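J.: Here you go, sequence then predicted model.
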Amino acid sequence: MTCKSANIVYIQSLGHSGSTLLSRLFNLHPNAFSMGSFRELEIDHADDIDTLCGCGKHPSECVVWRRVFEHFVERGQGCFRSSTGGLGRQQFLRSIRVIDSLARTTSSTHICELTHDGRRVQGYAERIPERTVMIHFVRDPRAIYRSYLRLINPPTKLGRFSLAVKIARFYFRRNMYTLFLKRKYCKRGLRYIRIRYEDLCDAPDQQMHDVFRTCKLEPLTVSTAYQNEVNHIIGGNVNRFKPLGSVRDERKFMFEFSRSLFSFVTLLNLPMILAFRYPVLKTTNA
Ligand SMILES: [Zn+2]
């Protein structure tokens, strides 16, 4: 039943970190398939999904997902339901079934998941560490703040302040937890790599080369392949796909900050900014 060769490549990141971009680059590999987020599959039947697949179709009409759902509906067990952020025994077994079904359907050896429930990866690391790769994907916390700020746009200074504090706390906790997972499970076979969003935008080929090597996949030059390729990612910002050139422009983000806001958010996030070697102060060579 269980496909022995299917590996789980888990993108461990916060929202608004560019994980869909990484997922799409990973998906370019002929032996890899990026599935997107399990959170979007919290359904009993494929018809319940109100999100579109990356191919532009409803999942029940998508050539890949339709076959996966058929597999589950046949067995009368629904597809997947995650109620807590973690990965209990039932949820683990169901996740593995979905992943194995995807691996068979797409003839892939590596299935990439990017659910932002940070605890899910622990379920894999604990039970099948030798089949799990954790990509610890980080982005400058100030850029994440800016991204949420655009989305939520609190009208008052106090609102912006509390948003910044909330994100800083979450950023710190999640990343410390991820480092804890690395420490605990790498000696049991979990493979780990840390990638920064900014480096990925600057040098996608080099970063993806490292990712593929960590996954024990053949190297692949992604920049020439990164066009409007078809993907079947569920969830994420697949519809906001941008060509790589314009993504690269986003590295200018932090220089648009007003000086006071910039230094305030920097102070809030200082431990993680230092840990991930982001520039603390404004630099001029942007
Ligand atoms: Zn599709």
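T.: Alright, I've got the coordinates.

J.: count of residues packed around the closest residue to the ion within the stretch 101-250 of the chain?
T.: Per Cβ to the ion, H232 is where the stretch 101-250 of the chain lies closest to the ion, at 3.6 Å. (Each C-beta comes from the backbone N, C-alpha and C, glycine too.) By other Cβ atoms under 10 Å, 23 other residues sit near H232.

J.: Thought L52 was touching it, still the case?
T.: No. In this structure, H232 is not within contact of L52 by Cβ atoms under 8 Å, at 10.6 Å.

J.: Around the ion, which positions in this protein sit nearby?
T.: Within reach of the ion by Cβ under 5 Å from the ion, the chain has these residues: 53, 55, 62, 232.

J.: Now with 8 Å, please.
T.: Counting by Cβ under 8 Å from the ion, the chain comes close to the ion at 53-57, 59, 62-65, 230-232.

J.: For the residues you listed, pick the one with the most neighbours.
T.: In terms of neighbour count, W65 stands highest of those at 27 neighbours, by other Cβ under 10 Å.

J.: Can you show me the helices along the stretch 151-286 of the chain?
T.: 157-185, 197-202, 204-214, 244-248, 259-268, 270-275 (DSSP state H, counting those that start in this stretch).

J.: Could you do the stretch 1-150 of the chain as well?
T.: Secondary structure of the stretch 1-150 of the chain (DSSP H, counting those that start in this stretch): helices at 19-27, 65-74, 89-106, 120-127, 141-152.

J.: Just send the helices of the stretch 151-286 of the chain back as CSV, with distance to A125, mean pLDDT and mean neighbour count too.
T.: Formatted as CSV, those follow (distance: least, Cβ to Cβ, whole Å; pLDDT from 0 to 100; neighbours: other Cβ atoms under 10 Å):
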stretch, distance to A125, mean pLDDT, mean neighbour count
helix 157-185, 4, 96, 16
helix 197-202, 23, 88, 19
helix 204-214, 15, 95, 18
helix 244-248, 30, 50, 13
helix 259-268, 29, 76, 16
helix 270-275, 21, 95, 14
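
J.: now those helices in a markdown table, with distance to L102?
T.: Formatted as a markdown table, those follow (distance: least, Cβ to Cβ, whole Å):
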| stretch | distance to L102 |
| --- | --- |
| helix 157-185 | 23 |
| helix 197-202 | 24 |
| helix 204-214 | 19 |
| helix 244-248 | 26 |
| helix 259-268 | 39 |
| helix 270-275 | 33 |
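
J.: about what we covered before: next one: the nearest residue to the residue of the stretch 101-250 of the chain closest to the ion once chain neighbours are set aside, what pLDDT does it get?
T.: Sequence neighbours aside, V64 is the residue nearest to H232 in space, at 4.5 Å (criterion: Cβ to Cβ, 6 or more residues apart in numbering). Looking at V64, its pLDDT is 94.

J.: Sweet, I'm off.
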